[in-house]
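Undergrad: need a 3D model of the sequence below.
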Amino acid sequence: MNLAELRGISKSFGGLAALREVDMAIEKGEIRGLIGPNGAGKTTLFNIMAGNYRADAGSFRFEGRELLDVAVNDRVSLGVVRTFQNIRLFGTMTALDNVRMGFHCRTAAGWLASAFNTRRAAGEKAWVTGESERLLAELDILPYRNEAAKNLSYGNQRRLEIARALASRPRLLMLDEPAAGLNEAEGRQLLERIRAIRDSGVTVLVVEHDMNLLMAVSDRVTVLAHGQKIAEGPPAEVQADERVILEYLGGGAGHAAG
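TA: Numbering: from 1, shown residues only. So this is what the prediction gives:
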């Protein structure tokens with residue numbers, strides 16, 4: 001069963017085609033990898049799905065609903081949630097408060113109730129705090145809950161950003177270069193965490209330059225080159241595809257961040 005379907009997605013910038021009629025269907029409950037050399041269109045496709053860019057043509061349906069004209073915040077409310085290649089945390093806020101911020105689209109008490117500290121608002125605040133601490137524990141950073149986000153190590157900041165994204169209760173979690181800047185041990189831990197997120201019922205889309213990690217964690221992989229999809233399938237099949245070898249590996253494995 002497909003959770004998300006993209007059909008004929010095209011996007012140009014100043015007359016230069018970044019994406020040309022890209023199709024991709026993501027099954028519910030899978031981990032999908034998205035790879036390609038520099039300038040392949042991965043980031044553009046990611047941004048279109050998240051609502052940061054508007055496609056020139058095509059369709060993006062999520063659980064049967066067309067989303068191309070839906071605002072970013074409304075997509076988050078529907079369950080389409082992303083992280084960023086460049087970490088975007090609230091640096092002076094604590095780790096706990098950063099995760100709390102992720103619950104904003106899932107809480108019901110309005111500002112008036114919060115201002116007067118009504119019973120409903122107090123109960124909701126306690127629930128948010130408890131759930132935030134649970135997510136911090138799942139990402140192995142609970143001991144840092146009262147630390148300012150800017151004081152955490154780079155690897156822990158990556159974990160914190162994922163915890164905040166999970167606070168929005170995504171149905172499709174889109175991870176943009178989650179292993180960037182991590183060492184080998186941190187990368188292995190991340191791989192295990194991504195699998196655990198999928199096992200909890202969240203479908204995951206990963207854009208990643210670390211080919212070993214991406215191939216190890218993905219159920220299926222989609223490959224873009226020059227704004228077009230050139231291959232798609234299980235990791236072993238994709239790695240053996242002659243066009244992928246020519247267009248991607250042949251261009252240098254280090255050129256995967258476009």
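Undergrad: for Ile87, what are its contacts?
TA: Contact analysis of Ile87 by Cβ atoms under 8 Å, 6 or more residues apart in numbering lists Tyr154, Gln157, Arg158, Glu161. Where you see a C-beta, it was placed from the backbone N, CA and C, and this is true even at glycine.
Undergrad: next, format those as JSON lines and append pLDDT, secondary structure and neighbour count.
TA: As requested, these are exported to JSON lines (pLDDT from 0 to 100; DSSP: H, G, I helix; E, B strand; the rest coil; neighbours: other Cβ atoms under 10 Å):
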{"residue": "Tyr154", "pLDDT": "89", "secondary structure": "helix", "neighbour count": "12"}
{"residue": "Gln157", "pLDDT": "93", "secondary structure": "helix", "neighbour count": "21"}
{"residue": "Arg158", "pLDDT": "90", "secondary structure": "helix", "neighbour count": "26"}
{"residue": "Glu161", "pLDDT": "94", "secondary structure": "helix", "neighbour count": "23"}
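Undergrad: make a markdown table from the residues you listed and add distance to Pro37 to it.
TA: Output for the contacts of Ile87, formatted as a markdown table (distance: Cβ to Cβ, whole Å):
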| residue | distance to Pro37 |
| --- | --- |
| Tyr154 | 25 |
| Gln157 | 27 |
| Arg158 | 24 |
| Glu161 | 25 |
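Undergrad: out of the residues you listed, which one sits closest to Glu133?
TA: Of all the contacts of Ile87, Glu161 has the smallest distance to Glu133: 16.8 Å, by Cβ to Cβ.
Undergrad: next one: phi and psi at the nearest residue to the closest one once chain neighbours are set aside?
TA: Nearest non-adjacent residue to Glu161, counting by Cβ to Cβ, 6 or more residues apart in numbering: Thr83, 5.1 Å away. The phi/psi pair for Thr83 (degrees, to the nearest 10) reads phi -110, psi 180.
Undergrad: Thr83 against Pro170, yeah?
TA: No - Thr83 is beyond contact range of Pro170, at 10.1 Å (criterion: Cβ atoms under 8 Å).
Undergrad: quick one: secondary structure of Arg169?
TA: coil (DSSP: H, G, I helix; E, B strand; the rest coil).
Undergrad: with the one 4 residues further on instead?
TA: Under the three-state scheme (three-state DSSP), the conformation of Leu173 reads as strand.
Undergrad: how about Arg61?
TA: Applying three-state DSSP: Arg61 is strand.
Undergrad: so where is this protein shaky, pLDDT-wise?
TA: Counting by pLDDT under 70, the chain shows low-confidence ranges at 105-122, 248-258.
Undergrad: which parts of it are strands?
TA: 2-13, 16-27, 31-35, 57-62, 65-66, 80-82, 172-176, 203-207, 220-225, 228-233 (DSSP state E).
Undergrad: export those strands as a markdown table, with columns for distance to Arg145.
TA: Formatted as a markdown table, these follow (distance: least, Cβ to Cβ, whole Å):
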| stretch | distance to Arg145 |
| --- | --- |
| strand 2-13 | 32 |
| strand 16-27 | 33 |
| strand 31-35 | 28 |
| strand 57-62 | 32 |
| strand 65-66 | 36 |
| strand 80-82 | 21 |
| strand 172-176 | 22 |
| strand 203-207 | 25 |
| strand 220-225 | 36 |
| strand 228-233 | 40 |
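Undergrad: can you add mean neighbour count and distance to Met49 and give the ones you listed back as JSON lines?
TA: Listed next are these as JSON lines, based on neighbours: other Cβ atoms under 10 Å; distance: least, Cβ to Cβ, whole Å:
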{"stretch": "strand 2-13", "mean neighbour count": "18", "distance to Met49": "7"}
{"stretch": "strand 16-27", "mean neighbour count": "18", "distance to Met49": "9"}
{"stretch": "strand 31-35", "mean neighbour count": "24", "distance to Met49": "10"}
{"stretch": "strand 57-62", "mean neighbour count": "18", "distance to Met49": "6"}
{"stretch": "strand 65-66", "mean neighbour count": "10", "distance to Met49": "13"}
{"stretch": "strand 80-82", "mean neighbour count": "24", "distance to Met49": "7"}
{"stretch": "strand 172-176", "mean neighbour count": "24", "distance to Met49": "7"}
{"stretch": "strand 203-207", "mean neighbour count": "24", "distance to Met49": "8"}
{"stretch": "strand 220-225", "mean neighbour count": "24", "distance to Met49": "12"}
{"stretch": "strand 228-233", "mean neighbour count": "19", "distance to Met49": "14"}
